[in-house]
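>>> generate coordinates for the sequence data below:
(chains A, B, C and D)
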2 protein chains.
Amino acid sequence: MNEASIPTSVTEFEKKISIIKDGLPKRLQDCASFVLRKGDAMAFLTVAQASQESGIAPSAFIRFAQALGLQGYSDMQQLFRRQATQQRPPYRYRINTLRQRGETEADLLFVDFCDSSIASIERLMTKMDPQLIENAAEIICSKPYLHVVGQRRAFSVACYLAYVLGQFDHRVILHTDVGSIKIPNTFNPGEVVLLISFEPYTSEVVLVAEKAKSDGAQVVAITDTPLSPLSGLADVSLEVVEEDVGGFRTYSATFCLAAALAVSIGTRLNSASVVKENI
Amino acid sequence: MNEASIPTSVTEFEKKISIIKDGLPKRLQDCASFVLRKGDAMAFLTVAQASQESGIAPSAFIRFAQALGLQGYSDMQQLFRRQATQQRPPYRYRINTLRQRGETEADLLFVDFCDSSIASIERLMTKMDPQLIENAAEIICSKPYLHVVGQRRAFSVACYLAYVLGQFDHRVILHTDVGSIKIPNTFNPGEVVLLISFEPYTSEVVLVAEKAKSDGAQVVAITDTPLSPLSGLADVSLEVVEEDVGGFRTYSATFCLAAALAVSIGTRLNSASVVKENI
DNA sequence: CCCAAGATAGAATATATGTTCCATTTTCTA
DNA sequence: TAGAAAATGGAACATATATTCTATCTTGGG
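Reported below is the predicted structural model:
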């Protein structure tokens, strides 16, 4: 961080302030003081508001941002907004600074996937009520066997749960369409069906959900939002939203949820052992 | 919270959505879906941006907000802004206090899973050389079809990759043992085999790896450590270690890696397509 | 004390914003 | 199928925004 470089994060921005602050005209120092004190709130303040709250002219804030190497007030605000949402700078912008650090486009893409996976999990952690997972586990354990239905991407989740529950000696009827062999799409009252589907929801899974419900089976859903056709039908609906990177979703948070559900089921089925040993 | 009341927080807002969602016109449901997915990011999106990202007309967003009892888009955004300013402590801090307060076991278990998933992804991010992913993608794309082998838990990863690559119109031979139908365990020179296995490595997968190698096929592996029998045999070995919670592993990092690999392959197969834009 | 160079505040401007309105399309009803 | 009702997208609008410009003020050196 030197005197000339353009800050790309709030941290760099604040560092640069402390470097150049003595060379700044008085009013711009006032701006610096105000901005530093406001901190995160800067993400929301318009120049007009900042001006009113501080008694400093709007134009001073723009000169201030420019003195820091930024284009203007909006540009500065972007730094604060990115920090608030923990986003990284836009792709186009970063691609310019690649070479300097000896990075490639592949690096960016990979880091983006990791970041968005982490963001999804953090969001899951704050939004999900663990009690719902318990409720789901409770229902699933109330019957000796479980239907698991998931298609496309969701099939990998279905497979995972089917396998792990199998390790717990719980019977799982994994609905596949191998050879188009029909798996009964009628259910008995009291049976438990675990349905997994994300947007775009496959109509088949929705149909199964409706049938299960009307047959009096219990329905547990893993889906994305309360708007999902599954969530309305389910007795317990576990919702997990995956952030996307350029329209492509990762399934890290979903598998995190699946693991938590699996273990919750495992402890119920065999509260002594299973979970301990290296599953 | 009833149908008529005006939401005063994001929570109430989301609750109201799930109450009235079925009575909403289709486009407004699209809005609901978009808003629920975007979550905290809604604090900063302008209607124009939201419109562009979602492909929904700006006016629809305003009608949507009004349908929820709010005055307009700005009014709705205020809810998200207020939530954002209620400075939530960073997640690591939250975890520690959760642990200390000794919430219910369910809470702890869930939080631990999320925490260890994140730790695994962070580790992956620092240890993995993205160039290896590129190399793997390069090899996989060099042939018109790909063998994918994975058993037990790893099968879900295999399924995921098989599905996604299928979406890219790449041929995938997914090795399953449905009906014990034999999938040729001999390979032609130049064929590409993707093997996925983690400790404890199934002997069968190791055998396939050895056969593939001796037949002159190219081998790409997704495994856990350089000590894995696969990594020695593979032309490219992608290694991902998952932390464990009481002996139970999550697969978040693995799926993060899988997604990165898939997209890397996707861009190669169709550089003009979906994946590029807006990353 | 004067004058140049810089800093400042507020008016002027261009841009982008949220919202309203209306013609067109879609959906429902009879 | 025809007619009514609702929904939709885009143009039009008023407003608020960040930024630029300029006349005025401040500062510091000779």
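>>> tell me how many other residues crowd the residue in the stretch 101-250 of chain A that chain B sits nearest to.
In the stretch 101-250 of chain A, no residue comes nearer to chain B than residue A:246, which is 3.3 Å away by C-beta to the nearest C-beta. In short, each C-beta sits where N, CA and C put it, glycine included. Neighbour count of residue A:246, defined by other C-beta atoms under 10 Å in any protein chain shown: 17.
>>> how far away is it from DNA strand C?
To DNA strand C, residue A:246 is 21 Å away according to C-beta to the nearest atom of the strand, to the nearest Å.
>>> then residue A:265?
Separation of residue A:265 from DNA strand C (C-beta to the nearest atom of the strand): 40 Å.
>>> now find how far off-centre the helix or strand that contains that residue is within its chain.
Assigned by DSSP states H and E, residue A:265 belongs to helix A:252-269. For helix A:252-269, the distance from its own C-alpha centre to the chain's C-alpha centre is 17 Å (C-alpha atoms, centre = their mean, to the nearest Å).
>>> so what angle separates the directions of the top helix by length along chain A and helix A:252-269?
The longest helix of chain A (DSSP state H) is helix A:105-127. If you take axes from the mean of the first three to the mean of the last three C-alpha atoms, to 10 degrees, helix A:105-127 sits at 40 degrees to helix A:252-269.
>>> helices and strands around helix A:105-127, which ones?
Applying 3 or more C-beta pairs under 8 Å, 6 or more residues apart in numbering or on different chains; DSSP states H and E, we find helix A:105-127 packed against helix A:91-96, helix A:98-101, strand A:244-245, helix A:252-269, helix B:91-101, helix B:105-127, helix B:130-141, helix B:252-269.
>>> tell me which residues of that helix are tucked away?
A:106-125 (16 or more other C-beta atoms under 10 Å in any protein chain shown).
>>> counting neighbours, what do you get for the residue in the stretch 1-150 of chain A that DNA strand D sits nearest to?
Relative to DNA strand D, the nearest point of the stretch 1-150 of chain A is residue A:72 (2.2 Å; C-beta to the nearest atom of the strand). Neighbour count for residue A:72, taken as other C-beta under 10 Å: 14.
>>> distance of it relative to residue A:226?
40 Å (C-beta to C-beta, to the nearest Å).
>>> with residue A:69 instead?
Distance of residue A:69 to residue A:226, computed by C-beta to C-beta: 44 Å.
>>> now do residue A:220
In terms of C-beta to C-beta, residue A:220 sits 15 Å off from residue A:226.
>>> which of the three states applies to the residue nearest to residue A:234 when sequence neighbours are not counted?
Nearest residue to residue A:234, sequence neighbours excluded (C-beta to C-beta, 6 or more residues apart in numbering or on different chains): residue A:221, at 3.7 Å. Put simply, residue A:221 is strand when judged by DSSP: H, G, I helix; E, B strand; the rest coil.
>>> who's residue A:221 bridged to?
Beta-bridge partners recorded for residue A:221 (DSSP bridges): residue A:195, residue A:237.
>>> got the residues of chain A near DNA strand C?
A:25, A:26, A:27, A:28, A:56, A:57, A:58, A:59, A:60, A:63 (C-beta under 7 Å from any atom of the strand).
>>> by neighbour count, which of those wins?
When neighbours are counted by other C-beta under 10 Å, residue A:28 leads those with 22 neighbours.
>>> mind listing what that one touches?
Residue A:28 sits next to A:60, A:63, A:64, A:67 when contact means C-beta atoms under 8 Å, 6 or more residues apart in numbering or on different chains.
>>> for residue A:80, same thing?
Residue A:80 makes contacts with A:10, A:40, A:42, A:43, as judged by C-beta under 8 Å, 6+ apart.
>>> for ChimeraX, write the select line for the buried members of those residues.
Buried residues among these (16+ other C-beta under 10 Å), as a ChimeraX selection:
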select /A:10,42,43
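>>> give me the subset of the contacts of residue A:80 lying in helices.
Using DSSP H, the contacts of residue A:80 in helices are residue A:10.
>>> need the contacts of residue A:80 in a markdown table (columns: distance to chain B and pLDDT).
Listed next are the contacts of residue A:80 as a markdown table, based on distance: C-beta to the nearest C-beta, whole Å; pLDDT from 0 to 100:
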| residue | distance to chain B | pLDDT |
| --- | --- | --- |
| A:10 | 14 | 94 |
| A:40 | 7 | 91 |
| A:42 | 11 | 96 |
| A:43 | 7 | 95 |
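>>> what is the nearest of the contacts of residue A:80 to residue B:253?
Nearest to residue B:253 among the contacts of residue A:80, counting by C-beta to C-beta, is residue A:10 at 28.2 Å.
>>> quick check, that closest one in contact with residue A:83.
Yes: here residue A:10 reaches residue A:83: they are 4.6 Å apart, a contact under C-beta atoms under 8 Å.
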